[in-house]
Structures are given as C-alpha cells and as structure tokens.
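> below is the sequence, then the predicted model.
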Amino acid sequence: MGALTRERDVREAYAAHSGELYGFAVRSLGDAGLAEEAVQETFLRAWRAGDRFDPEIGSLRTWLFAILRNVVIDLGRARAARPRVAEGGVEPSVEPLEQALLAWQVEEAMRRIGEDHRKVLLETHFRARPYSEVAEELGVPEGTIKSRVYYGLRALRVALEEMGYED
Amino acid sequence: MRTDDHRDWKLSLGAYALGDLPPDERAAVAAHLEGCEECRAELRSLEGVAALLPLADPARIEQPTARPPADLGARIEAQIAAESAREGRARKRRRLRLGFGGAIAAAAVAAALAIAILPGSSGESSPAQKVDFASLPKGVSIDATLEPHAFGTEIEMYVSGVRSGTLCRVFLRDAKGRTYSAGSFRYRWGEDSHAVLSSALDLSQAKVIGVHAGDRTFMAPVDQATALVGGAGIDAT
C-alpha cells in the first residue's frame, strides 16, 4: 500500500515537505515563480505515481526530492533556449544539480543551527577571519570561539542527518 | 590522561578538521590523536561535515529560508481533486466499453502507464488510436489519442517539455495534404496539460497529425491500418 494514494496523504506530505522542496527549487531555478511551478508539478507527479511509493525502500522525503530533481531538470530543459538543444546543443548536465542539492542542504543546515554557532562558522570559516579577531568582536575568549566551531560542526552534522545526509 | 584534558583536545577537533589551527597546536592535537581512538572517531565525523562546507554560499546562508506562497498547497489539492474526479469518470467509461474482463486489464494498464484519459463517446465500442510522435527533441513529449466520431475526430493530447505558455495549434492532414484544424490550447507548466480537441476530418481519412508549438511544428503519421481495423463501421452514420 503506497503512502500517497489518497488526497489526504498528499496534504500531509505537502505540510511536511513543501518548505524544503520549495527552498531547494528556488535555489536551483533562481526564480520564485518557477519554483512554485516545480513544487506543484512535483506533488502532482507524486500523486499520480503514489502507488509506486514504497516506504520500505526509502523515505517520502527522499522520494519527493528525487521527483523534484527530475522536474527541475525538465524545467531547465524547457527553459533553456529550445532551438539550441534541438540543433544538438549541450544538454544541461545532471551533476551540477546533485551538487546544488547538497549545497542547499548545507546552507539550510547552517540556517538551522544556533545563532552563536552559525555566526562563528560564518566569520572564521567562510570569511576566513582569525579566531582572535572574531573573539574580540564578540567579546568572548578565543577558546570559546574554538569550542563554538566544534559544537557548530556537530550541530551541522545533526541537521544534515535530519535532512537525509549520510557519509 | 585526565578527563579535562581529553575534553580540551576534543574541543580543538573542529578547528583541526577545518584546518584552522596554527602549526604548533595542530602538531599537539595530531599527537593526541595518535593515542586516542575516541578522538579519531570524532574527527572522522567532523571531517565529513567540514568537507561539505565549501559547497555552501555564505550570502545564501544569511538569507531567510524561502517559503512557498500560502495558497500553493490549496492549489495543488484542487488540481489533484479535479484529476481524481476525471480518473473516476474515465474508469467508468472504460468499464462500459470493455466489459467486465477487459475492465480489469484496462485498469491495470492505466495504473501502470498513467496514460491519457480517453473521453469516449457514450458507451460505443469505438476504439481510440494512440499516435506515436517518434522523432521529438530530447525533453519534449507528445502523446495523442485519436477517436473516431460522427462529427470527425476527437483528439486527446498530452504535451510536456515545451515552454510554459506556448500556444499549441493542432491539425490533421488528409492524403491530399489538406489541413484540418483541430483547435488550439496553451501549454501551462504544472497545470493540467491534457487538451481535448476535435477536428472535422474523419479519422479514416487522416494521414498526419501535427502540432504547431510556438515556432516549431511536430508531426506524426496516423496509422490507418490500426484505425480501420478497430474503427471501421462504427461511426458510419
């Protein structure tokens, strides 16, 4: 028995996952309107194929992301100047999209961890500022910055695992 | 080793994994790792995450999480409800058309392929013909089902992979090359993309079905052999 065969199942799936799906769609399509279309199409396709979803094989979330991934590829193709593709132009490759999904997950995980940890990781790692400088700015000992980096990475890992990441 | 020391080492592992430690501290942590299995395991776990960090864009991290419009869920539900209702009607028609044994097979086929719904005439056994658009550009797909009627031909069409908003004009062509319009529809991405059209040309006379989609035209042959075998006599009014 699939989990998406009734209209109520779709409503529940939407409530649980639409935010993430939309967030990723916005990131990879760069356009809120297109992202909306992509999410809509994803749930329609999921519903049409609802009896093929098997919770024994993978989570609903993973399944929906897999559908969205295909929708984004289709949409990218449809949007890319079609005549060029028809004349033998290069097809949009699949790899950047997988990477975009991972990148979005890391960004989303960063948004989910505590403000203190996010701030320290942003300043030290992404902006490459020395720990001492960040410590002074925040008015805490340098050792605190170091431990926030540690707990920040751990929190990030938990957030990523919640989103299905495993290494 | 005292527990406090161990904890201190552990707190350095984040900076170690990210390569942020000055050389002397780095060497000291490395020496501790040599003899501490627990810290080595912790480091492996942190390194997995640290390796992913370069993928992220700091500017995006600081943007608020994008939220879908409040009414999107309701729009999706409405669309699914409409599709669901159409499915139910189509199933009933198929049962009428094929009899009890056939209905099971038809339901299985419909479930497996999710093919276009066939809006039939009122219970007559007029078989529909599925047309194969063979040579389409990658990403574009067109399915058409043709059904003979007294008025001419009913065409159910399903298009995907063209630009949203594209105007699609459908036509049939007979053996002499005369074109018969079957009407037009606009392809909307994510919206119901089944279009039901009709043309005055009898299906038995149709040789080609075509779609002008924006500035491109796609055509496919109509297989008269199939159409005549199934459709002969049925609409001979």
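Received the coordinates, thanks.
> any idea what sits nearest the residue in chain B that chain A sits nearest to, other than its immediate chain neighbours?
Ranking the residues of chain B by distance to chain A (CB to the nearest CB) places B:Gly14 first, at 3.3 Å. Where you see a C-beta, it was placed from the backbone N, CA and C, and this is true even at glycine. Across the structure, with CB to CB, 6 or more residues apart in numbering or on different chains as the measure, the residue nearest B:Gly14 apart from its sequence neighbours is A:Tyr150 (3.3 Å).
> now the residue nearest in space to the middle of chain B: closest residue in space that isn't a chain neighbour?
With distances taken as CA atoms, centre = their mean, the residue of chain B nearest its centroid is B:Ser160 (7.8 Å). Once its chain neighbours are removed from consideration, B:Ser160 has its nearest residue in B:Ser141; the separation is 5.1 Å (CB to CB, 6+ apart).
> count the neighbours of that neighbour for me.
Counted by other CB atoms under 10 Å in any protein chain shown, the residues lying close to B:Ser141 total 14.
> name the element the closest residue to B:Leu72 other than its chain neighbours belongs to?
By the measure of CB to CB, 6+ apart, the closest residue to B:Leu72 outside its immediate chain neighbours is A:Glu36, 6.0 Å from it. For A:Glu36, the enclosing helix or strand under DSSP states H and E is helix A:32-48.
> could you check the angle helix A:32-48 makes with the helix or strand just after that helix?
Helices and strands here follow DSSP H and E; after helix A:32-48, the next one along the chain is helix A:60-79. Here helix A:60-79 runs at an angle of 130 degrees relative to helix A:32-48 (axes from the mean of the first three to the mean of the last three CA atoms, to 10 degrees).
> still on that earlier bit, ok, and for the helix holding A:Glu36, which residues are buried?
Of the residues in helix A:32-48, those with enough neighbours to count as buried (16 or more other CB atoms under 10 Å in any protein chain shown) are A:34-47.
> same check on stretch A:154-167?
The neighbour-count criterion (16+ other CB under 10 Å) identifies A:154-157, A:159-160, A:163, A:165 as the buried residues of stretch A:154-167.
> which two among those residues are spaced furthest apart?
By the measure CB to CB, the buried residues of stretch A:154-167 have their two most distant members at A:Arg154 and A:Met163, which lie 15.4 Å apart.
> A:Ile113: which of the buried residues of helix A:32-48 is nearest?
Distance from A:Ile113 was checked for each of those by CB to CB. The minimum falls on A:Ala35, at 24.2 Å.
> so the closest one sits against A:Gly19, correct?
No. Applying CB atoms under 8 Å, one finds A:Ala35 not in contact with A:Gly19, separated by 11.6 Å.
> and for these two, which residues touch both?
B:Pro68 (CB atoms under 8 Å, 6 or more residues apart in numbering or on different chains).
> show me how the record splits chain B into domains.
As given by automatic domain parsing, the domain ranges for chain B are B:3-61, B:67-114, B:120-231.
> looking at chain A, which helix or strand does the model trust least?
Each helix and strand of chain A was given a mean pLDDT (mean pLDDT, DSSP states H and E); the minimum falls on helix A:82-86 at a mean of 45.
> typed the wrong thing, it's chain B
Within chain B, no helix or strand scores below helix B:224-231, which has a mean of 47 by mean pLDDT, DSSP H and E.
> how many neighbouring residues does the residue lying closest to B:Ala182 once chain neighbours are set aside have?
Excluding the flanking residues, the one nearest B:Ala182 by CB to CB, 6+ apart is B:Ser199, at 3.7 Å. Other residues near B:Ser199 number 23, with proximity taken as other CB under 10 Å.
> and the one 4 residues further on, by the same measure?
Residue crowding around B:Leu203 was assessed by other CB under 10 Å; the count is 26.
> now swap in A:Pro141 and tell me
The local packing of A:Pro141 (other CB under 10 Å) involves 10 other residues.
> for A:Met110, phi and psi?
Here the main-chain torsion angles of A:Met110 (degrees, to the nearest 10) amount to phi -60, psi -40.
> and for the one 5 residues further on?
Note on A:Glu115: its backbone torsions stand at phi -60, psi -50 [degrees, to the nearest 10].
> list the residues that contact the residue nearest to the centre of chain B.
For B:Ser160, the contacting residues are A:74, B:140-141, B:187, B:193, taking CB under 8 Å, 6+ apart as the criterion.
> which residues sit against stretch B:68-86?
Surrounding stretch B:68-86, the residues in contact under the criterion CB under 8 Å, 6+ apart are A:7, A:10-11, A:14-15, A:18-19, A:22, A:35-36, A:39-40, A:43-44, A:47-48, B:117, B:191-192.
> alpha carbons only: can I get it in CSV?
The C-alpha trace of stretch B:68-86 is given here as CSV (Å, rounded to 0.1, in the frame of the first residue of the first chain):
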residue,chain,number,x,y,z
PRO,B,68,6.2,28.8,-0.6
PRO,B,69,3.1,31.1,-1.1
ALA,B,70,0.4,30.4,1.4
ASP,B,71,-2.1,29.2,-1.2
LEU,B,72,0.2,26.8,-3.1
GLY,B,73,-1.0,23.8,-1.1
ALA,B,74,-4.6,24.6,-1.8
ARG,B,75,-3.9,25.0,-5.5
ILE,B,76,-2.2,21.6,-5.6
GLU,B,77,-5.1,20.0,-3.8
ALA,B,78,-7.7,21.5,-6.1
GLN,B,79,-5.8,20.2,-9.1
ILE,B,80,-5.4,16.7,-7.7
ALA,B,81,-9.1,16.6,-6.8
ALA,B,82,-10.0,17.6,-10.4
GLU,B,83,-7.7,15.0,-11.8
SER,B,84,-9.1,12.4,-9.4
ALA,B,85,-12.6,13.1,-10.5
ARG,B,86,-11.6,12.8,-14.1
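> understood, closing this out.
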